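Asker: pasting a predicted model and its sequence here:
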Amino acid sequence: VLRRLTLDAPDFRGDELSIDIGGSLAKVVLFQPSPPPEDGQRPRLCLGSPRLDAELDALLKQSGERELSMYVPQLGGNLHFFCFESKHVAAAAAFL
């Protein structure tokens, strides 16, 4: 994802997604352009729909998710990292 993120690129449209599916773990990185968060606020993943946000929360809880979100000023947005067992890839793919 980071190699593809060039904000000046003519084909840059916004959100970028990268998935690495390994033998036991699947890793997902999502970049979302956004303004800096308020002081003390942690970046929050927002899919633009309360229904989609709820579905993602349920999927992550079901899979025993590990998640980290951070604002990266050099990129002008948030990076969201997720890690879950590969056996949940089918549910994640259906969601995506």
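Answerer: In hand now; what should we look at?
Asker: now do the helix or strand Gln32 falls within: distance to the chain's middle.
Answerer: Assigned by DSSP states H and E, Gln32 belongs to strand 25-33. Strand 25-33 sits 4 Å away from the centroid of its parent chain (Cα atoms, centre = their mean, to the nearest Å).
Asker: residue nearest the centroid of this structure?
Answerer: In the chain, the residue lying closest to the centroid (Cα atoms, centre = their mean) is Leu30, at 3.1 Å.
Asker: name whatever forms a beta bridge with that one.
Answerer: Leu17, His80 (DSSP bridges).
Asker: wait, it sits on Leu79?
Answerer: Yes: Leu30 sits in contact with Leu79 when judged by Cβ atoms under 8 Å, with a separation of 7.4 Å. Glycine gets a C-beta too; all of them are placed from N, C-alpha and C.
Asker: in this structure, where's the longest helix?
Answerer: Counting by DSSP state H, the longest helix found in the chain is helix 50-62.
Asker: which other helices and strands does that one contact?
Answerer: Packing contacts for helix 50-62, counted by 3 or more Cβ pairs under 8 Å, 6 or more residues apart in numbering; DSSP states H and E, involve helix 89-95.
Asker: so which elements touch the helix it packs on?
Answerer: Applying 3+ Cβ pairs under 8 Å, 6+ apart, we find helix 89-95 packed against strand 25-33, helix 50-62.
Asker: looking at these, which is buried most?
Answerer: Of all the helices and strands packed on helix 89-95, strand 25-33 carries the top mean neighbour count, a mean of 18, counting by mean count of other Cβ atoms under 10 Å.
Asker: show the pLDDT at the residue nearest to the centre of the chain.
Answerer: Leu30 is assigned a pLDDT of 86 by the prediction.
Asker: and it, how far from Lys61?
Answerer: To Lys61, Leu30 is 18 Å away according to Cβ to Cβ, to the nearest Å.
Asker: got it, and Gly76?
Answerer: Using Cβ to Cβ, we find Gly76 at a distance of 30 Å from Lys61.
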